[in-house]
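S.K.: Predicted model and sequence below, questions to follow.
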Amino acid sequence: MLEKFFNVKKKEIPGGLWTKCPNCNNAIYTRELNDNLKVCHHCNFHFRLTVQERIDITFDSFEEMFSGILPVDSLNFVDTMPYSERLKEAQYKTKREEAIVVGVGIINGKSIAAGILDFDFIGGSMGSVVGEKIFRITNYAKENRLPLILFSSSGGARMQEGMFSLMQMAKTAMVIGKFKDDGGLYISVLLHPTTGGVSASFATLGDIIIAEPGALIGFAGPRVIEQTIRQKLPQGFQRSEYLLEHGMIDAVIERKALKETLEKLVSWHGY
């Protein structure tokens, strides 16, 4: 009313200046949030990182490998839209070929074979290309005597590829099993969320399994489980801290300490 009377225009806050935390609902100055590695300084909620952000905070340098392997719509799958169109949409959105990036990263002079799932690409779902890239980077680590670190954030197997997707569970479990039998070190880092066929295969096969705080980890989601067993689940069920308490993972590591932790684990194992 006063603005109309005095003919004064209300100043608008520039978009993106503040970010609302979905956990505690506090407004956070976006620059401060980014400086804090996208962790809320009010409640310690860990916002999801992009693949490039994950690479930047984890590795001193990173060289992508096995690019150019593209997914195909071999089943001509259609749900709300054709799978071929969904792939194009995801590739345009993320500027990536598929839901995983693999390569060799450097941490404090140590070479590490790594893969990072991109949840923004069809929910980080595992199709035939994701399985193939994990297969190739694991064999590369085996041939070159490198430790392997995989960062998982996924809704599970990609339903649009049907059985071809489910086959990747066995494929990735097999190649990682052979890698470990040959003496290789595999560190699995579980991010929010890690569910479905990914949690039921390579993500939970690490020699060492680390999770970020508050990550949802499990095969089926808590809502599905509650509807199935018709019981209320315990508070925090399937979250990182609950899994640590019940011996399902080895550690819950804050994001700011993750790079140093990975470097120490690799060093302690002789790399």
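M.R.: Looks like it arrived, so ask away.
S.K.: If you count contacts, what does the longest helix along the chain end up packed against?
M.R.: Longest helix of the chain, by residue count under DSSP state H: helix 162-181. Here helix 162-181 is seen to pack against helix 128-143, strand 186-195, helix 196-199 when contacts are counted using 3 or more C-beta pairs under 8 Å, 6 or more residues apart in numbering; DSSP states H and E. Heads up, the C-betas are built off the backbone N, CA and C, glycines and all.
S.K.: Of those, give the one that comes closest to residue 212.
M.R.: strand 186-195 (5.6 Å; C-beta to C-beta).
S.K.: and the closest one, C-alpha only, in CSV?
M.R.: Taking C-alpha atoms only, strand 186-195 is exported to CSV below (Å, rounded to 0.1, in the frame of the first residue of the first chain):
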residue,chain,number,x,y,z
TYR,A,186,37.6,-51.5,-3.9
ILE,A,187,36.1,-48.6,-1.9
SER,A,188,32.4,-48.0,-2.4
VAL,A,189,31.0,-44.6,-1.5
LEU,A,190,27.2,-44.5,-1.0
LEU,A,191,25.5,-41.2,-1.7
HIS,A,192,21.9,-40.1,-1.4
PRO,A,193,20.0,-42.1,-2.6
THR,A,194,21.5,-45.6,-3.3
THR,A,195,18.7,-48.0,-3.9
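S.K.: Give me the sheet partners of it and which way each runs.
M.R.: The strands that strand 186-195 pairs with in its sheet are strand 148-154 (parallel), strand 208-211 (parallel), strand 217-218 (parallel) (by DSSP bridges).
S.K.: and the longest one, how far from the chain's centre?
M.R.: Computed by C-alpha atoms, centre = their mean, to the nearest Å, the separation of strand 148-154 from the middle of its chain amounts to 6 Å.
S.K.: Let me know the average pLDDT across it.
M.R.: Summarised as a single mean, pLDDT over strand 148-154 is 98.
S.K.: and what of the second one?
M.R.: Across strand 208-211, pLDDT averages out at 98.
S.K.: Return the set of buried residues in that strand.
M.R.: Residues of strand 208-211 classed as buried: 208, 209, 210, 211 (neighbour count, 16 or more other C-beta atoms under 10 Å).
S.K.: can you redo these as CSV with distance to residue 172?
M.R.: Formatted as CSV, these follow (distance: C-beta to C-beta, whole Å):
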residue, distance to residue 172
208, 17
209, 15
210, 18
211, 19
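S.K.: Which single one of the residues you listed is nearest to residue 27?
M.R.: For the buried residues of strand 208-211, the nearest to residue 27 is residue 211 (27.4 Å; C-beta to C-beta).
S.K.: Do I have it right that that closest one meets residue 193?
M.R.: No - applying C-beta atoms under 8 Å as the test, residue 211 and residue 193 come out as separate, 10.8 Å apart.
S.K.: residues shared between the contacts of these two?
M.R.: residue 217 (C-beta atoms under 8 Å, 6 or more residues apart in numbering).
S.K.: quick one on the thing from earlier: with distance to residue 261 added, can I get the strands paired with strand 186-195 in CSV?
M.R.: What follows is the strands paired with strand 186-195, written out as CSV (distance: least, C-beta to C-beta, whole Å):
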stretch, distance to residue 261
strand 148-154, 11
strand 208-211, 7
strand 217-218, 18
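S.K.: of those strands, which approaches residue 197 most closely?
M.R.: Nearest to residue 197, of the strands paired with strand 186-195 and by C-beta to C-beta, is strand 148-154 at 8.1 Å.
S.K.: in the closest one, what's buried?
M.R.: Buried, per 16+ other C-beta under 10 Å, within strand 148-154: 148, 149, 150, 151, 152, 153, 154.
S.K.: about what we covered before: can you put the helices and strands packed on helix 162-181 in CSV and add distance to residue 22, mean pLDDT and mean neighbour count?
M.R.: Compiled in CSV, those are given as follows (distance: least, C-beta to C-beta, whole Å; pLDDT from 0 to 100; neighbours: other C-beta atoms under 10 Å):
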stretch, distance to residue 22, mean pLDDT, mean neighbour count
helix 128-143, 27, 98, 21
strand 186-195, 11, 98, 24
helix 196-199, 22, 97, 24
